[in-house]
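Q: Compute the structure for the input listed below.
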Amino acid sequence: MMRWLILLYGAVAYVTFLASFLYAVGFAGGLVVPKTIDSGPEAATTTAILINVAVLSLFAVQHSVMARPFFKRWWTQVIPPAAERSTYVLASSLLLFLLYWQWRPLPGVVWNVTQPALAGVLWAVFGIGWLIVLVSTFLINHFDLFGLRQVFLHFTGRTYTPIPFQTPWLYRVVRHPIMVGFLIAFWATPTMTQGHLLFAAVVTAYVLVALQLEERDLRAYHGETYSEYQRQVRMLVPLPGNRSRKPAE
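A: Numbers count the residues shown, from 1 in each chain. Prediction:
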C-alpha cells in the first residue's frame, strides 16, 4: 500500500509541475491563461513591488534550501527517500501557483516593439527559450529530475541509483542550459512592462546566486570531474574559448 501511495504522490507532484510549467509560459507571455504578469488587481507601486518581491523571495528560498544536501539528509528522515524529489517538485509548483495568484502588475511600459517583423522575432526567441528548458530536462533525464523515476523504482522494488555525470549536447555549450532557457524566455518580449522587468531582473539575480550554491554542491559530489567541466564550459554564456569536448569521467 505504501508503494502505491508513494507512486500516486509522485504522479500528482509531476502533474502539478506540468500545470505550473504550462501556466508559466502563459503567465510570462500574456497568453491564454486568466492571470498574467501584466493582468490582475493593481496596487500602489510600492505595495506591488513589496508583494512581488516577497512571493519571488519565498519561491527562491524554498527552491534553494530544499535542494541543498544538508536539507535532503534531514528531510529524508521525515519522509520516505523515494518521495524526496517529488516533494521538492510539488512544493516548488505550489509556490509558483501562489506567485501567479498574488502577483501585482506594474503596467508602466519600459519598451514596446510595434514593428511586426521585430515583434515576431522576439516571440520566436521567447518560444525558443521555453524549448531549450524542456529539451534540456530530457537531455539529463527528465523523469529523474521531476521525481517520477524515484517513485517508480521504489514501486517496483528496485534500488535507486543517481544519474551519472554526463554532458550531452546543450550541456557542452553551457553548464546550465535550463537556466539559460528560462532567462531567454523571461527577457524576450515585445512589450516589457515595469512588472515584467521586475520579474525578469529578480529571477536573473536569483539564478546567478543559486547557481553558485548548486555548483558548490556539484563540485563536492563529483570532485575533479566537475571542476574540469567548469574549466571547459561556461556557466551561462557560451563565450569564445569554450571547449565543447566531453570531460573525462
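Q: Surely residue 110 is in a strand?
A: Yes: counting by DSSP: H, G, I helix; E, B strand; the rest coil, residue 110 is located in a strand.
Q: Give me the distance between it and residue 119.
A: Applying CB to CB, to the nearest Å, the value for residue 110 to residue 119 is 15 Å. Where C-beta positions appear, they are placed from N, C-alpha and C, glycine not excepted.
Q: Who are the contact partners of residue 13?
A: 86, 87, 89, 90, 93, 146, 147 (CB atoms under 8 Å, 6 or more residues apart in numbering).
Q: pretty sure residue 158 belongs to a helix, no?
A: No: judged by three-state DSSP, residue 158 forms no part of a helix; its state is coil.
Q: Distance check, it against residue 227.
A: From residue 158 to residue 227 the distance is 32 Å (CB to CB).
Q: and if you look at residue 174?
A: Taking CB to CB as the measure, residue 174 and residue 227 are separated by 17 Å.
Q: unless I'm mixing things up, residue 108 is touching residue 194, no?
A: Yes: using CB atoms under 8 Å, residue 108 is in contact with residue 194, at 4.2 Å.
Q: which stretches of the protein form strands?
A: 109-112, 191-193 (DSSP state E).
Q: Tell me the strands beside the longest one, with direction?
A: It stands for strand 109-112. strand 191-193 (antiparallel) (DSSP bridges).
Q: Centre of the chain to the strand it pairs with, how far?
A: Averaged C-alpha coordinates place strand 191-193 at 22 Å from its chain's average position (CA atoms, centre = their mean, to the nearest Å).
Q: who's in contact with it?
A: Contacts of strand 191-193 (CB under 8 Å, 6+ apart): 30, 37-38, 105-113, 200.
Q: Residue ranges in the protein under the pLDDT threshold?
A: For the chain, applying pLDDT under 70 flags the ranges 241-249.
Q: and stretch 221-235, C-alpha only, in CSV?
A: Below are the C-alpha coordinates for stretch 221-235, written out as CSV (Å, rounded to 0.1, in the frame of the first residue of the first chain):
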residue,chain,number,x,y,z
TYR,A,221,29.7,15.5,-5.2
HIS,A,222,31.6,14.9,-8.5
GLY,A,223,35.0,16.2,-7.4
GLU,A,224,37.6,16.9,-10.1
THR,A,225,35.3,15.7,-12.9
TYR,A,226,33.0,18.7,-12.3
SER,A,227,35.9,21.1,-11.7
GLU,A,228,37.3,20.1,-15.1
TYR,A,229,33.9,20.6,-16.7
GLN,A,230,33.8,24.2,-15.2
ARG,A,231,37.1,24.9,-16.8
GLN,A,232,35.9,23.7,-20.2
VAL,A,233,32.4,25.1,-20.4
ARG,A,234,31.0,28.4,-19.5
MET,A,235,28.2,28.7,-16.9
